[in-house]
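**Q** Turn this into a structure:
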Amino acid sequence: MTGREPESSVAFRVLIPLLLSITAIGVVDLILDAPETLLSAHVIVDILLVVVSLGGALYLWVEFRLTERSLERTQAVLRERSTERDAWRRRTEDLLEGLGRAADELFAEWGLTDAERQTALLLLKGHSHKRIARLTGRSDRTVRQHAVAVYRKSGLGGRAALSGFFLEHLALPDAALPADDDSERVRSVAPDPPGADA
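**A** Have a look, this model is predicted:
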């Protein structure tokens with residue numbers, strides 16, 4: 001185990017020796033008393049004390065071992081999940097970098113200025129005009145003008161069409177779509193790229 005030991009582990013490590021000590025003291029007391037009969041109250045109390053403390057120590061030791069094994073399994077799963085998470089993060093960073101380059105190339109094809117590109121990207125991220133204004137240090141009116149310019153230059157009808165244009169390319173592969181008529185409906189509502197009507 002790494003780091004600070006849990007309090008339950010410390011309690012187990014203190015209680016088990018304590019109970020074993022009580023067991024040993026009870027056994028020693030029985031031996032030193034050398035009782036002539038086992039049916040005296042003193043002997044019965046000593047035997048009960050030995051049995052209960054030994055049973056308690058064994059129970060705690062078994063529970064402690066089970067808890068340690070469970071913790072080890074949990075830590076192994078967490079390490080595995082952490083590795084998977086890191087691999088997923090690397091893959092998504094590569095994908096997002098590629099998506100960012102593709103979006104930037106498309107923005108250049110549309111003839112967007114740097115401010116319009118920035119606004120378009122923040123719109124794609126789902127930010128409101130007011131939030132974009134705060135993030136970029138521009139007025140709300142200027143951000144709205146940039147958004148209108150993005151829609152006009154791209155030939156898209158607004159924020160939903162802009163998002164839909166980019167999200168269509170991120171849609172699930174055909175194998176992940178249901179095999180019934182709904183899959184056709186899903187594909188049919190995806191927006192056409194700008195200029196497709198021409």
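
**Q** Which neighbouring elements make contact with the host helix or strand of residue 65?
**A** Taking DSSP states H and E as the definition, residue 65 sits inside helix 41-110. Contacts defined by 3 or more Cβ pairs under 8 Å, 6 or more residues apart in numbering; DSSP states H and E place helix 41-110 against helix 7-33, helix 114-124, helix 140-154. C-beta: built from backbone N, CA, C; applies to glycine.

**Q** mean confidence score for that helix?
**A** Mean pLDDT, computed over helix 41-110, is 87.

**Q** cool, stretch 21-29 as well?
**A** Throughout stretch 21-29, pLDDT has a mean value of 87.

**Q** what's around residue 49, how many residues?
**A** 17 (other Cβ atoms under 10 Å).

**Q** nope, residue 99 is what I was after
**A** For residue 99, the tally of surrounding residues (other Cβ under 10 Å) stands at 15.

**Q** Check residue 110 too.
**A** Here the number of neighbours of residue 110 (other Cβ under 10 Å) works out to 18.

**Q** do you know how far it is from residue 154?
**A** Plainly put, residue 110 is 5 Å away from residue 154 if you go by Cβ to Cβ, to the nearest Å.

**Q** So what's the gap between the helix holding residue 65 and the chain middle?
**A** Helix 41-110 has its C-alpha centroid displaced from the chain centroid by 12 Å (Cα atoms, centre = their mean, to the nearest Å).

**Q** Can you check what angle separates that helix from helix 7-33?
**A** 170 degrees (axes from the mean of the first three to the mean of the last three Cα atoms, to 10 degrees).

**Q** Nearest to residue 94, out of the helices and strands packed on helix 41-110?
**A** helix 114-124 (18.3 Å; Cβ to Cβ).

**Q** got a list of what residue 159 touches?
**A** Counting by Cβ atoms under 8 Å, 6 or more residues apart in numbering, residue 159 makes contact with 123, 147.

**Q** With residue 123 instead?
**A** Residue 123 makes contact with 132, 147, 150, 159, 162-163 under the criterion Cβ under 8 Å, 6+ apart.

**Q** Let me have those in a markdown table, extended by distance to residue 56 and pLDDT.
**A** Converted to a markdown table, the contacts of residue 123 look like this (distance: Cβ to Cβ, whole Å; pLDDT from 0 to 100):
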| residue | distance to residue 56 | pLDDT |
| --- | --- | --- |
| 132 | 65 | 95 |
| 147 | 71 | 95 |
| 150 | 73 | 94 |
| 159 | 67 | 90 |
| 162 | 69 | 89 |
| 163 | 64 | 86 |
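
**Q** most surrounded residue in these?
**A** The residue in those with the most neighbours, by other Cβ under 10 Å, is residue 150 (25 neighbours).

**Q** Relative to residue 138, how far out is the closest residue to residue 117 other than its chain neighbours?
**A** Of all residues beyond its chain neighbours, the one nearest residue 117 is residue 107 (4.5 Å), with distances taken as Cβ to Cβ, 6 or more residues apart in numbering. Computed as Cβ to Cβ, the residue 107 to residue 138 distance reads 18 Å.

**Q** repeat for residue 125
**A** Relative to residue 138, residue 125 is positioned 16 Å away (criterion: Cβ to Cβ).
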